[in-house]
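Trainee: My questions are about this predicted structure, shown below with the sequence.
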Amino acid sequence: MLTIRSSQKFFTEEEVSSLTGICLDHLRALAGNHHLGSFIEAAQQAGSTALEAAQAAGARAHLLFSVSDLYIVTALFPRCQH
């Protein structure tokens, strides 16, 4: 079970990886295969708040995940064992 702040609407790759225990390589592959997450460039067009959230979280991420994306990732993919 994940516990997240109700005010947080977007999560970076690193945050999703640490919350779910899925390594970044598997997370990116899963996101690509299941069309989850959105690129930061798309978030820039959506508004500055999404971009600011990404930058505050450590803006090295290429993908942002919504809360619903996060729940889907936890349901579809187990923690990495490596």
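Mentor: On my side now, so go ahead.
Trainee: Endpoint to endpoint, stretch 13-27 covers what distance?
Mentor: With Cα to Cα, to the nearest Å applied, stretch 13-27 spans 8 Å between its terminal residues.
Trainee: in that stretch, what counts as buried?
Mentor: Glu13, Glu15, Val16, Ser17, Leu19, Thr20, Ile22, His26, Leu27 (16 or more other Cβ atoms under 10 Å). The way it works is simple: take the backbone N, C-alpha and C, and place the C-beta from them, glycine included.
Trainee: hey, where'd the helices end up in this structure?
Mentor: Ranges of helices within the chain are 13-20, 24-34, 40-46, 48-57, 67-76, based on DSSP state H.
Trainee: hey, least reliable of these by pLDDT?
Mentor: Ranked by mean pLDDT, the helices of the chain end with helix 40-46 in last place, scoring a mean of 53.
Trainee: mind listing what the residue lying closest to Asp69 once chain neighbours are set aside touches?
Mentor: Spatial nearest neighbour of Asp69, chain neighbours left out: Leu36 (4.6 Å); criterion: Cβ to Cβ, 6 or more residues apart in numbering. Counting by Cβ atoms under 8 Å, 6 or more residues apart in numbering, Leu36 touches Leu30, Phe65, Asp69, Ile72, Val73.
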